[in-house]
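[1] no sequence on this one, just coordinates:
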DNA sequence: CTCCAGGTGATGG
DNA sequence: CCATCACATGGA
């Protein structure tokens, strides 16, 4: 293992919570408390050293130019948390304490686009597997600081040169043509992921949804996690459960500043307290419903 | 084996 | 505009 340098931070940074918070699918613990993150062509390995310090494998220049931005370290999360505590929303406050150290990462738009297109109707572990296999099949190999070989996220042109059949063979199922459409649009310039960076929210939102298989939820994920649009709130099953089970159906994030970051605290809280947000009644009714349908079929 | 998963597009009211 | 439905497959 390469020599690590210690970085002191102004605010909490939790590698584990970030890796487990559902906003990224490739980062994770590679053993012995060491986490690996990948951004573009760079591979970072690092270790937690208390709440506000990490030991990193990279040099100072790479940390400042790549990873400080990636981990959104310029933003004042303490101020955001203060606002939350002052708002009197006790569930959100609890989620914020529980999720302290989470940052909303600034990841690559193309990776976010493809990853969240893949994510539909998949569990988070299954998404991780799919993204890793996609990278192993189409991404460039590179040497990680540990010496291991890792695969970068595939370039649009490489994916675009693939075929629906080979993507299906990776297990992408009905999402294979969606991934291909995304890659082709980016590769041939119909969707310019650099140019759209400057568009206002609603125009970027519409532009992203021009891709087959990209609806509101995926578009919002790309905007939040790929373009740092922190007002965007991806609404998925878990956010819907939070609103219905925790807020009597009234969305707590409307008209909140940095709603996307608040969303991330709530989402992580729900992921780690699932029982609390799965309506038991609805589950039982679903079961009964299915049994009824089956008995009808046999009649 | 069953159930469900960070949804979306197509179709029909 | 809203309600359904099919969609492929891995993980628990």
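    The structure has been received and is ready for your questions. Because the structure is a prediction, the values reported are computed rather than measured.
[2] Burial check on the closest residue to DNA strand B within the stretch 101-250 of chain A, number of neighbours?
    The nearest approach of the stretch 101-250 of chain A to DNA strand B comes at residue A:215, 2.7 Å away (C-beta to the nearest atom of the strand). Every C-beta, even on glycine, is put in place using the N, C-alpha and C of the backbone. By other C-beta atoms under 10 Å, 12 other residues sit near residue A:215.
[3] and the residue nearest the centre of chain A, how far is that from residue A:235?
    The residue lying closest to the centre of chain A (C-alpha atoms, centre = their mean) is residue A:23, at 1.7 Å. Counting by C-beta to C-beta, to the nearest Å, the separation of residue A:23 from residue A:235 is 15 Å.
[4] Over to residue A:174?
    22 Å.
[5] who's more crowded, these two?
    Taking other C-beta under 10 Å, residue A:174 and residue A:235 do not tie; residue A:235 has more neighbours (15 against 10).
[6] Around DNA strand B, which positions in the stretch 151-299 of chain A sit nearby?
    Neighbours of DNA strand B within the stretch 151-299 of chain A, by C-beta under 7 Å from any atom of the strand: A:174, A:209, A:211-219, A:221, A:234-239, A:263-264, A:267, A:283, A:286-287, A:290.
[7] just for chain A, where's the confidence low?
    Low-confidence segments of chain A (pLDDT under 70): A:1-2, A:280-299.
[8] Quick check, residue A:140 in contact with residue A:151.
    Yes - between residue A:140 and residue A:151 there is a contact under C-beta atoms under 8 Å: 6.9 Å.
[9] contacting residues around residue A:179?
    A:114, A:117-118, A:134, A:159, A:167, A:172, A:213 (C-beta atoms under 8 Å, 6 or more residues apart in numbering).
[10] Report the buried residues of whichever helix or strand it is part of.
    Remark: residue A:179 resides in helix A:176-187, with elements defined by DSSP states H and E. Within helix A:176-187, the residues scored as buried using 16 or more other C-beta atoms under 10 Å are A:176, A:178-187.
[11] quick one: is it near DNA strand C?
    No - applying C-beta under 7 Å from any atom of the strand, one finds helix A:176-187 separated from DNA strand C by no less than 7.8 Å.
[12] how far is that helix from where the chain is centred?
    In this view, helix A:176-187 has its centroid 19 Å away from the chain centroid, taken as C-alpha atoms, centre = their mean, to the nearest Å.
[13] what's the offset of the next helix-or-strand element following that helix from the middle of its chain?
    Next helix or strand after helix A:176-187 toward the C-terminus (DSSP H and E): helix A:201-208. Computed by C-alpha atoms, centre = their mean, the chain-centroid distance of helix A:201-208 equals 19 Å.
[14] what packs against helix A:201-208?
    Judged by 3 or more C-beta pairs under 8 Å, 6 or more residues apart in numbering; DSSP states H and E, the packing partners of helix A:201-208 are helix A:216-221.
[15] now do 10 Å
    helix A:109-119, helix A:216-221, helix A:227 (3 or more C-beta pairs under 10 Å, 6 or more residues apart in numbering; DSSP states H and E).
[16] Residue A:82: how many residues sit nearby?
    Neighbours of residue A:82 (other C-beta under 10 Å): 12.
[17] If you could redo that for residue A:51, that was the one I meant.
    12.
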